[in-house]
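Participant: Sharing a model prediction with you, sequence too.
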Amino acid sequence: MNESLLVLRDVHKRFGSVAALRGVSVEIRPGRILGIVGGSGSGKSTLANVLLGLERPDAGAALYRNVEVHRLKNQARRDFRASVQMVFQDPFGSLNPRMTAAATVEEPLTIQRRGSPADRRAVALAALAASGLLPPETFATSFRHALTG
């Protein structure tokens, strides 16, 4: 599968006199992961918000499967939201302190009605293992305060 999943083409975004993005282009293919790093104020959050369709670019285009993100409707928008997600590095700012690691991974699958509870638990354990949290069964019941960034 060579089709691009998510593309930014020459994206520009300003907030008043501040140019947050100037001519940014990114291409993400299925099965790939994009990490965004940079200093404070470098446009990371703005880039992510444009990629996710939370902000419209002032110029350029944000495309999901060759359709502008802000034009997605109904099932296409649901498919987009199920396929593209942002994971924040800070566990204290992004993880619910009342949920275990496994429950946190399972939650979007439950919301999207994907798989049985046993299937979701298997996916959660596999994700924890892939993240280096071994053995995953031990970390599955851990809360965010027990995890490091």
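Facilitator: Cool, the structure landed. Numbering: from 1, shown residues only.

Participant: only C-alpha atoms for contact and neighbour calcs from this point on.
Facilitator: Will do.

Participant: Give me the nearest residue to Thr11, chain neighbours excluded.
Facilitator: Small correction: residue 11 is Val, not Thr. Gly60 (4.2 Å; Cα to Cα, 6 or more residues apart in numbering).

Participant: Can you list the neighbours in contact with the helix or strand that contains His12?
Facilitator: If you go by DSSP states H and E, His12 is part of strand 6-15. Residues outside strand 6-15 that contact it (Cα atoms under 8 Å, 6 or more residues apart in numbering): 19-29, 46, 51, 56-66.

Participant: Now, these that are in strands?
Facilitator: Counting by DSSP state E, those place 19-28, 59-64 in strands.

Participant: sorry, back to before: can you say which of the contacts of strand 6-15 are buried?
Facilitator: When the contacts of strand 6-15 are checked for burial by 16 or more other Cα atoms under 10 Å, the buried set is Ala20, Leu21, Ser25, Thr46, Leu51, Arg56, Pro57, Gly60, Ala61, Ala62, Leu63, Tyr64.

Participant: Distance of the third one relative to Gly39?
Facilitator: The one in question is Ser25. 19 Å (Cα to Cα, to the nearest Å).

Participant: Any idea how many residues pack against the closest residue in space to Arg22 that isn't next to it in sequence?
Facilitator: The shortest distance from Arg22 to any non-neighbouring residue, by Cα to Cα, 6+ apart, is to His12 (4.7 Å). Residues lying near His12 (other Cα atoms under 10 Å) number 21.

Participant: what pairs with His12 across the strands?
Facilitator: According to DSSP bridges, the residues that bridge with His12 are Ala59.

Participant: Tell me how far it lies from Lys44.
Facilitator: 13 Å.

Participant: No further queries at this time; thank you.
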